[in-house]
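Novice: compute the structure for the input listed below.
(one chain, ligands or ions: 1)
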Amino acid sequence: MSKTVKVAITGAAGQIGYSLVFRIASGELFGPDTKVVLSLLEIPQAVTALEGLAMELNDCAFPTLAGIEINSDANKGFDGVNWAILVGAKPRGPGMERKDLISENGPIFTGQGKALQRGASDVRCVVVGNPCNTNALIAAKNAGDVPFNRFSAMTMLDENRARYQLAAKAGVAVTEVQNVTIWGNHSATQYPDFYNATIGGKKATDVISDHEWLQGDFITTVQKRGAAIIQARGKSSAASAANAALDHVKNFHFPTEDGKWFSAAVPSDGSYGVEEGLLFSFPIRTKEDGSYEIVQGLAHNDFAKDKLAKTEAELKSEREVVKDLL
Ligand code: NAX
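Specialist: So this is what the prediction gives:
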């Protein structure tokens with residue numbers, strides 16, 4: 001007998017939304033035996049665009065698509081959802097400081113956190129809309145008795161970017177590159193950890209001898225990739241972000257292969273000395289029973305410790321800006 005999963009997507013009429021919904025509806029995310037009901041959410045002005053999107057989804061005649069709901073009210077749109085992918089957020093305007101963006105977008109996530117508590121008894125939530133770590137913290141803190149560990153923020157795009165850079169430098173297929181952890185914030189302070197990564201089963205630092213590149217250009221390329229894409233494309237990453245959101249949900253939905261892990265920002269339990277309760281990106285493994293754990297025992301040298309401290313400090317300062325919303 002086939003199962004049904006209900007997935008809410010906020011900001012579904014935006015550019016990431018357009019790259020995301022068809023792939024979820026097609027069965028690519030949960031497999032051919034699982035039906036999907038999509039709950040699409042937008043601001044009232046964009047509901048007509050969602051109606052057009054729903055027409056296109058129906059015109060794909062996907063066997064796995066069992067229904068489409070359209071809402072501008074999160075209290076209705078989150079009713080009974082199993083996954084909430086929170087993409088909708090205001091973009092950063094010209095000259096806008098990061099802290100202004102945090103203050104502008106924070107209130108969206110208080111309302112959505114409350115709506116998740118009211119409507120969804122068995123939900124997992126990933127925040128994509130920026131600043132995603134802090135927005136996820138706001139949603140979680142407003143979601144009452146929904147367990148804190150049901151909330152995460154997406155750093156999978158950063159991990160995929162880092163894997164590609166390492167593969168290109170080593171001249172190998174991207175599949176050879178594993179266990180690249182993004183630590184900390186989805187921002188320019190993130191630390192893409194090559195020291196604990198492997199290439200073809202060997203330590204990345206043994207395969208790539210140019211350690212100056214690893215400590216320098218590699219890290220800054222990953223940290224600033226989003227800005228480079230905006231500069232080249234004239235728009236921010238969309239299809240690659242949607243692809244990463246699919247990877248993120250799959251990573252939490254299915255058990256992780258032995259010996260591997262993936263990156264996601266989750267509530268810190270104090271692992272690696274990171275303050276408990278911060279939404280910090282860690283190496284994660286999903287277990288057979290569907291729960292997840294933070295991978296323990298990875299070594300950090302002084303270079304890495306310094307990077308972790310910087311990204312943790314940034315997350316604390318973001319939390320300070322939104323403390324009235326928590
Ligand atoms: P778009 O501006 O194309 O779409 C955002 C959509 O969200 C709009 O249609 C808007 O009407 C809607 N929206 C705004 N407030 C809403 C609310 N309260 N409820 C429901 N919908 C709402 O942006 P897009 O390129 O799709 O990017 C969306 C978000 O993803 C941005 O915050 C962006 O910064 C963030 N990103 C996050 C990434 C990550 O790795 N975590 C990478 C890509 C992307 O930059």
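
Novice: quick one: the helices in the stretch 51-200 of the chain?
Specialist: 74-77, 98-119, 132-141, 156-170 (DSSP state H, counting those that start in this stretch).

Novice: ranking those by mean pLDDT, which is last?
Specialist: Ranked by mean pLDDT, these bottom out at helix 98-119, which scores a mean of 92.

Novice: and the residue in the chain that the ligand sits nearest to, what's its pLDDT?
Specialist: Nearest residue of the chain to the ligand: Gly14, at 1.9 Å (C-beta to the nearest ligand atom). Yep, even glycine has a C-beta here, placed from its N, CA and C like the rest. Looking at Gly14, its pLDDT reads 97.

Novice: so how far is Arg150 from it?
Specialist: For Gly14, the distance to Arg150 equals 24 Å [C-beta to C-beta, to the nearest Å].

Novice: next: Asn82.
Specialist: Asn82 sits at a distance of 11 Å from Arg150 (criterion: C-beta to C-beta).

Novice: intersection of neighbour lists for those two?
Specialist: 123-124 (C-beta atoms under 8 Å, 6 or more residues apart in numbering).

Novice: quick one, what contacts the residue nearest to Gly27 when sequence neighbours are not counted?
Specialist: Leaving aside its sequence neighbours, Gly27 sits nearest to Thr64 (C-beta to C-beta, 6 or more residues apart in numbering; 3.6 Å). By C-beta under 8 Å, 6+ apart, the contact list for Thr64 reads 25-27, 30, 32, 34-36.

Novice: likewise for Ile9?
Specialist: The contact partners of Ile9, taken as C-beta under 8 Å, 6+ apart, are 17, 20-21, 24, 38-41, 85, 87.

Novice: picking up where we left off before, export the helices of the stretch 51-200 of the chain to a markdown table and append columns for mean neighbour count and distance to His211.
Specialist: Output for the helices of the stretch 51-200 of the chain, formatted as a markdown table (neighbours: other C-beta atoms under 10 Å; distance: least, C-beta to C-beta, whole Å):
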| stretch | mean neighbour count | distance to His211 |
| --- | --- | --- |
| helix 74-77 | 19 | 48 |
| helix 98-119 | 19 | 31 |
| helix 132-141 | 28 | 29 |
| helix 156-170 | 22 | 12 |
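
Novice: tabulate these (CSV), appending distance to the ligand.
Specialist: Below are those laid out as CSV (distance: least, C-beta to the nearest ligand atom, whole Å):
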stretch, distance to the ligand
helix 74-77, 7
helix 98-119, 4
helix 132-141, 4
helix 156-170, 4
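
Novice: one step back: are any of the contacts of Thr64 buried, and which?
Specialist: Neighbour-count burial within these applies to 25-27, 30, 35-36; the criterion is 16 or more other C-beta atoms under 10 Å.

Novice: residue numbers of the chain in contact with the ligand?
Specialist: By C-beta under 6 Å from any ligand atom, the part of the chain that sits against the ligand consists of 10-11, 13-17, 41-43, 46, 87-91, 108, 128-130, 132, 154, 157, 186, 226, 236-238, 241.
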